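**Q** could you work out the structure for the sequence below:
(one chain, ligands or ions: 1)
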Amino acid sequence: MKNWIIATRNKFFHFSYINVLKPYYFRKDPEDVHDRMTQVGQFLGRFWLTRSVTSLFFNFGHPSLEQTILGIRFRNPVGLAAGFDKDALMVDILPSVGFGFEEVGSITGEPCMGNPKPRLWRLKKSKSLVVYYGLKNDGSEAIATRLSKKKFRFPVGTSIAKTNSPDTVEVQAGINDYVKAFSQFVDIGAYFTINISCPNAFGGEPFTDPDRLEKLLTAIDKVATNKPVFLKLSPDLTEDQLSKILDISAKHRVHGFVSTNLTKNRNNKKIIDEDVPINGGISGNVVRDLSNEQIRFIYNKTKGNYVIIGVGGIASAEDAYEKIISGASLLQLITGMIFEGPGLVSEINQGLTRLLKKNGFKNIREAVGTKK
Ligand SMILES: Cc1cc2nc3c(=O)[nH]c(=O)nc-3n(C[C@H](O)[C@H](O)[C@H](O)COP(=O)(O)O)c2cc1C
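**A** As a prediction, this is how the structure comes out:
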């Protein structure tokens, strides 16, 4: 399809989402809408016809967006972040929505109901969400069984976290839980992400502590897999904590970092809304700059030797481009899609081709980490 046709199509869907669908959805309970979207996505993914029509509405491809990273072929750099497709129910439809990859989960060793409801809120003025799901998911066994015979149409990463339960608070029990889930996915998906930064689980984030992280990564190293492993980090880490995590990662099978997860800090100046729930981590606009700073820090400190997946507050092609020039080769989002609609993925990808060209880059690889 010609560029101007795609741009017109994207504008039409953006206008329709902002003026019709979003006002309707935003009156409803956020978790109910999330569940409904998952059901719709699951249905649309089931049939060739519905996948093709969805693709006609949302798809966009361009050679400058293609990359092979750690042996994995990505059609474009925009992925769905962990937490939206918790139980891996949408893997069939997301390529048609224009995503270049997705991260399913976070998946834990045991099934988990998550925290009591309500556990998802919109901060409308701040263009952010407060998330207190607490790692709700069907558990590694059920999800691995569901995915075991599936052929994926794009790279699928598996986000692994520790079951949210008092039973996994003790360090070795927590490690065993991670290893259990990890081991069940060695033959499924393209890469792993170890989520050590869930802000909403029993016992906090114990594996940001250097000694415990060392033990966790030593155990993960022993699982037989040649798939790349990423660590998902909190935006609330200090530079000192981050440096220690980088030093430990260098001694283990870690290929990259996902920067970042949700912030817990309620003093963030980007929070405009008055009523912010006490529990939960914050996404979207509130976390964008923190994520960008962390990406730059890791990229500079490790001299670009790690693959960085930039996530946090991407709601436009400009936001995506900023993360790329800060050091990210791949991107993920959730909140931007909720505030701007699913057409955002195509808008970002088309916008990126324009921004790359404008700044004299032939492709994403050339632009990564070029911010002065
Ligand atoms: C509803 C929701 C659920 C999430 N659940 C998870 C999760 O299970 N595991 C995880 O690593 N991150 C989770 N996250 C964090 C996102 O993956 C992402 O890091 C964060 O939302 C920042 O990106 P965004 O601003 O584009 O949403 C969740 C985020 C949202 C909004």
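**Q** where does the prediction get shaky in the stretch 151-300 of the chain?
**A** For the stretch 151-300 of the chain, no stretch has pLDDT under 70.
**Q** nearest spatial neighbour of the one residue in the stretch 1-150 of the chain that gets nearest to the ligand, skipping sequence neighbours?
**A** Residue nearest to the ligand within the stretch 1-150 of the chain: Gly83 (2.1 Å; Cβ to the nearest ligand atom). C-beta: built from backbone N, CA, C; applies to glycine. Leaving aside its chain neighbours, Gly83 sits nearest to Ile334 (6.2 Å; criterion: Cβ to Cβ, 6 or more residues apart in numbering).
**Q** can you count the residues close to that neighbour?
**A** 20 (other Cβ atoms under 10 Å).
**Q** show me the residues around it that make contact.
**A** Taking Cβ atoms under 8 Å, 6 or more residues apart in numbering as the criterion, Ile334 is in contact with 80-81, 83-84, 129, 283.
**Q** same deal with Gly139?
**A** 107-112, 163.
**Q** and Gln172, that one's in a strand?
**A** No. The assignment for Gln172, made by DSSP: H, G, I helix; E, B strand; the rest coil, is helix rather than a strand.
**Q** and for it, the neighbour number?
**A** The burial count for Gln172: 10, using other Cβ under 10 Å.
**Q** repeat that for Asp275.
**A** Asp275, neighbours per other Cβ under 10 Å, totals 7.
**Q** what's the answer for Arg146, then?
**A** 15.
**Q** sec struct for it, please.
**A** helix.
**Q** ok, now which ones touch it?
**A** Arg146 neighbours (Cβ under 8 Å, 6+ apart): 87-88, 138.
**Q** try 7 Å this time
**A** Arg146 is in contact with Ala88, counting by Cβ atoms under 7 Å, 6 or more residues apart in numbering.
**Q** check the gap between it and Gln42 for me.
**A** 11 Å (Cβ to Cβ, to the nearest Å).
**Q** and what of Leu331?
**A** Taken as Cβ to Cβ, the span from Leu331 to Gln42 is 24 Å.
**Q** what is the neighbour count of the closest residue to Leu352 other than its chain neighbours?
**A** Among residues not flanking Leu352 along the chain, Ala317 sits closest, at 5.3 Å (Cβ to Cβ, 6+ apart). Counted with other Cβ under 10 Å, residues neighbouring Ala317 total 20.
**Q** on that earlier part again, Leu331 and Gln42 - which one has more neighbours?
**A** Remark: of Leu331 and Gln42, Leu331 carries more neighbours, 26 against 16, as counted by other Cβ under 10 Å.
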